[in-house]
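In: sequence plus predicted model, see below.
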Amino acid sequence: MKILVTVKRVPDPETTIRVKPDGSGIVTDNIKYVINPFDEIAIEEALRIKEKQGQGEVVLVSIGAKVASEQLRTGLAMGADRAILVLCDQELDSLGVARILAKIVEKEAPDLVLMGKQAIDDDANQAGQMLAALLNWPQATFASKVEFMDNYVQVVREVDGGLETVRFPLPGIITTDLRLNEPRYASLPGIMKARKKEIREIAVAELGIDTTPLLTVHKMDPPAKKAAGKKVESVQELVHLLHTEAKVI
Amino acid sequence: MDFQFTEEQEEIRRQVRALCARFPDEYWRERDETGEFPWDFYQAFADGGWLGITIPKEYGGSGLGITEAALVMQTVAESGGGTQACSSIHLGIFGLEPLIKYGTEEAKRKYLPKVLSGEIHVSFAVTEPDAGTNTTQIKTFATRKGDGYVINGRKVFITKARESKKMLILTRTTPYEQVQKKTMGMSLFFADIDPQAVEVRELRKCGRKAVDTNMLFIDNLYVPKEDLIGEEGKGFYYILDGINPERILVAAECVGMGKRAIEKAVQYAKERIVFDRPIGMNQGIQFPLAESYAKLETAELMVYKAAWLFDNGKPCGKEANIAKYMAAEAACEAADRAMQAHGGYGYIKDYDVERYWREARLFRIAPISQEMVLNYVGEHVLGLPKSY
């Protein structure tokens, strides 16, 4: 089975994010970047599927500047077979991303596309769904379990208040939730092997599609600063303040 | 001149950092308390193939250089694991050079894959109670018997002997009095630590509690001839090859530990409010930390210069020694200043910096004392007369 896995370069969740004073974006100096954690889960799932089936190919795809090859290299070190980097310097919205991915799917003809349910930078949670619509493929989002049956794939989805089990025939799209698996660490031999694996670069212009964003980021604001707490002397005082000041009781 | 790490080296650093993140401060605090060997940390590194970083590819390793090994050790130390983490894997990473370079093909095929998988630990037994830096004075003796040798003697400061099945042990095979050159007549064996013949007695120490340091009492330890490394009488020269890499790695560990201490202090200095402002606003707190950081960065430069020279087959004695000296000084000072910045909390174990302080102190003494490094620089670099 050929599996295409999307890989987005995002700021390390451990990093403290600061918004630029003019609100046009975040301060990118001294930020470490990682694979979007949900995409990492998608890579892990693809590798497990390949290992279980004893054959197949795991192809990674990322869209962005040349530096995104770092994250692709990490994915290759985890065990993916090869990677594609769509070079694109402009800002993209989810639809732009989905359109680019649709072109790549057309070229690569995978049996399955595995994606993180969302990227932890903009949290849009749209690219997978839009890609399914563009391709007219079935989709299962928020996957917490993936199983292959005779001629379909069965996915357990985490939905509000419980689990939902869906099935669809391939090809299709699965987006991963947090509890699907625990991604492996790249081993040293894996890193060494990754050096020789291919990262093919494609300029976005070569794809001949319109990626002009319909959505633009107007302004970013940091979360409001929490004011310091207040210490009270007695329960009576606390109740009094909750009533008169906080007005919650 | 190129100061840029390669993409692969950066990747190594990222992956080691990610792996170490599984072992947080609490883990190392607990090891420091109980003295339990960090088995799961060790196994995670074995499973990831990291123990084989410098072992040649034909024996299952990755065949990388001391530069990459130093990057690994610095990153491990910097993660907060300190010497407890580093020493648990350190020897697998560089210590088998004599076996790799001078061992028989059979021995290499037999042992290297097991070292790599973490199945066997190896100790390095050179130092003796009456022979420290003056290695030629060792008294442990291997007498020929039948098809092998019988070893008798005592060794001290032997790391990980508690866990190890094998040791690289240096003995005399010709008494000191009978050799023409004092560095001759010593032989290196890859011997079993047979509990019937070797008593391992652990020494209690200042820091690094999770990785044992021991005294070995060796009585009639039989070693088959196959376990002699290289030629009889040349053992001293075989261990010399490992000296510079060891200093480079130790220096890298010091830089990592020092940087961790500064990172902790900076974090604390930002958060700790005294007289209505963070203490980090005071130059009395800021300057020592900034200065220590500058010293650590400078030491780091020397570490990678020495590593580069070694990996490119060039002499690196001067650089490896100076890197060790500067990094050990910088690390001790950084840990001490980090403690000072923490005030009373710096003395409390939950704040971790006192652990770095106890651990870093080792490297002003080991693997060679700062004074002996200065002797080296004085004599071999500056050309002054030998002072001892």
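Out: Yep, it's here.

In: can you list the neighbours in contact with the single longest strand found in chain A?
Out: What stands out as the longest strand in chain A, according to DSSP state E, is strand A:139-148. Among residues not part of strand A:139-148, those counted as contacts by C-beta atoms under 8 Å, 6 or more residues apart in numbering or on different chains are A:45, A:49, A:53, A:117, A:128-129, A:132, A:153-159, A:163, A:166, A:168, A:172-177, A:179-180. (Each C-beta comes from the backbone N, C-alpha and C, glycine too.)

In: now that strand - C-alpha only, PDB.
Out: What follows is strand A:139-148, C-alpha atoms only, in PDB (Å, rounded to 0.1, in the frame of the first residue of the first chain):
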ATOM      1  CA  GLN A 139     -12.600  10.700   4.800                       C
ATOM      2  CA  ALA A 140     -12.400   9.700   8.500                       C
ATOM      3  CA  THR A 141     -11.300  12.500  10.700                       C
ATOM      4  CA  PHE A 142     -10.000  12.400  14.400                       C
ATOM      5  CA  ALA A 143      -9.000   8.800  14.100                       C
ATOM      6  CA  SER A 144      -8.100   7.000  17.300                       C
ATOM      7  CA  LYS A 145      -7.900   3.500  15.800                       C
ATOM      8  CA  VAL A 146      -7.300   2.300  12.200                       C
ATOM      9  CA  GLU A 147      -7.800  -1.200  11.000                       C
ATOM     10  CA  PHE A 148      -7.700  -2.800   7.600                       C
END
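
In: for the record, mean pLDDT for it?
Out: In this model, strand A:139-148 has an average pLDDT of 96.

In: any buried residues in it, and which?
Out: A:Q139, A:A140, A:T141, A:F142, A:A143, A:S144, A:K145, A:V146 (16 or more other C-beta atoms under 10 Å in any protein chain shown).

In: let me see the backbone angles for the one residue in chain B that gets nearest to chain A.
Out: Of all residues in chain B, B:G49 sits closest to chain A, at 4.0 Å by C-beta to the nearest C-beta. Backbone torsions for B:G49, taken as degrees, to the nearest 10, come to phi 80, psi 10.

In: was I right about it contacting B:G118?
Out: No: B:G49 lies out of contact with B:G118 (C-beta atoms under 8 Å); the separation is 10.2 Å.

In: so what's B:E354 up against?
Out: Going by C-beta under 8 Å, 6+ apart, B:E354 touches B:M339, B:G346, B:Y347, B:I348.

In: list only buried entries from the residues you listed.
Out: Buried by 16+ other C-beta under 10 Å: B:M339, B:G346, out of these.

In: what's the most distant pair in the contacts of B:E354?
Out: Spatial extent of those (C-beta to C-beta) is set by the pair B:M339 and B:I348 at 10.0 Å.

In: just name the shakiest helix or strand of the chain by mean pLDDT.
Out: This is for chain A. Lowest by mean pLDDT, DSSP states H and E among the helices and strands of chain A is helix A:235-244, with a mean of 92.

In: not quite, I wanted chain B
Out: helix B:82-94 (a mean of 87).

In: which strands and helices lie in contact with the very next helix or strand once past that one?
Out: Using DSSP states H and E, the helix or strand that directly follows helix B:82-94 along the chain is helix B:97-102. With contacts taken as 3 or more C-beta pairs under 8 Å, 6 or more residues apart in numbering or on different chains; DSSP states H and E, helix B:97-102 sits against helix B:105-116, strand B:186-192, strand B:228-229, helix B:235-271.

In: let's see that with 6 Å instead.
Out: Here helix B:97-102 touches helix B:235-271, going by 3 or more C-beta pairs under 6 Å, 6 or more residues apart in numbering or on different chains; DSSP states H and E.

In: buried set for the helix it packs on?
Out: Judged by neighbour count using 16+ other C-beta under 10 Å, the buried positions of helix B:235-271 are B:235-239, B:242, B:244-266, B:268-269.

In: and for stretch A:55-62?
Out: A:G56, A:E57, A:V58, A:V59, A:L60, A:V61, A:S62.

In: which ones among the residues you listed map onto strands?
Out: Members of the buried residues of stretch A:55-62 lying in strands (criterion: DSSP E): A:E57, A:V58, A:V59, A:L60, A:V61, A:S62.

In: for those, which one is nearest A:K193?
Out: Using C-beta to C-beta, A:V58 comes nearest to A:K193 of these, at 13.3 Å.

In: what is the closest one paired to in the beta sheet?
Out: Beta-bridge pairing for A:V58 (DSSP bridges): A:I3.

In: can you tell me how far it is from A:T212?
Out: Remark: distance between A:V58 and A:T212 (C-beta to C-beta, to the nearest Å) = 32 Å.

In: again with B:R364
Out: Relative to A:T212, B:R364 is positioned 63 Å away (C-beta to C-beta).

In: what do you get for B:E33?
Out: Distance, B:E33 to A:T212, by C-beta to C-beta: 60 Å.

In: same question for B:E202.
Out: Distance from B:E202 to A:T212, by C-beta to C-beta: 70 Å.

In: and B:D130, by the same measure?
Out: Distance, B:D130 to A:T212, by C-beta to C-beta: 80 Å.

In: near chain B, which residues of chain A?
Out: For chain A, the contact set with chain B under C-beta under 6 Å from any C-beta of the partner chain comprises A:R73, A:Y185, A:A186, A:S187, A:L188, A:P189, A:I191, A:M192, A:R195.

In: in ChimeraX, how would I select the buried members of the residues you listed?
Out: Per 16+ other C-beta under 10 Å, the buried members of the residues of chain A next to chain B correspond to this ChimeraX selection:
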select /A:73,185,186,187,188,189,191,192
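
In: sort out for me which of the residues of chain A next to chain B are in helices.
Out: Under the assignment DSSP state H, the residues of chain A next to chain B contribute A:R73, A:L188, A:P189, A:I191, A:M192 to helices.

In: in chain A, what residue lies closest to chain B?
Out: In chain A, the residue that lies nearest chain B is A:L188 (4.0 Å; C-beta to the nearest C-beta).

In: higher neighbour count, B:R364 and A:T212?
Out: Neighbour count, other C-beta atoms under 10 Å in any protein chain shown: between B:R364 and A:T212, B:R364 has more, with 17 against 11.

In: correct me, but B:P98 touches B:Y238?
Out: Yes: judged on C-beta atoms under 6 Å, B:P98 makes contact with B:Y238 at a distance of 4.3 Å.

In: what is in contact with these two at once?
Out: Residues within reach of B:P98 and of B:Y238 at once, by C-beta atoms under 6 Å, 6 or more residues apart in numbering or on different chains, are B:L188.

In: which other helices and strands does the helix ranked longest in chain A contact?
Out: Ordering each helix of chain A by length in residues (DSSP H) puts helix A:37-53 first. Helices and strands touching helix A:37-53, by 3+ C-beta pairs under 6 Å, 6+ apart, are strand A:2-6, strand A:112-116, strand A:172-176.

In: go again using 7 Å as the cut-off
Out: strand A:2-6, strand A:57-64, helix A:69-78, strand A:112-116, strand A:172-176 (3 or more C-beta pairs under 7 Å, 6 or more residues apart in numbering or on different chains; DSSP states H and E).

In: distance from that helix to the middle of the chain?
Out: Centre-to-centre, helix A:37-53 and its host chain are 13 Å apart (C-alpha atoms, centre = their mean, to the nearest Å).

In: residues in contact with it: which ones?
Out: With contacts defined as C-beta atoms under 7 Å, 6 or more residues apart in numbering or on different chains, helix A:37-53 is touched by A:1, A:3, A:5-8, A:13, A:56, A:58, A:75, A:78-80, A:114-118, A:120, A:146, A:176, A:180-181, A:183-184.

In: mark which of these are buried, thanks.
Out: When those are checked for burial by 16+ other C-beta under 10 Å, the buried set is A:1, A:3, A:5-8, A:56, A:58, A:75, A:78-80, A:114-118, A:120, A:146, A:176, A:180-181, A:183-184.

In: could I get the buried residue list for stretch B:344-363?
Out: Across stretch B:344-363, burial judged by 16+ other C-beta under 10 Å covers B:346, B:351-363.

In: again, but for stretch A:23-43
Out: Within stretch A:23-43, the residues scored as buried using 16+ other C-beta under 10 Å are A:Y33, A:V34, A:I35, A:N36, A:P37, A:F38, A:D39, A:E40, A:I41, A:A42, A:I43.
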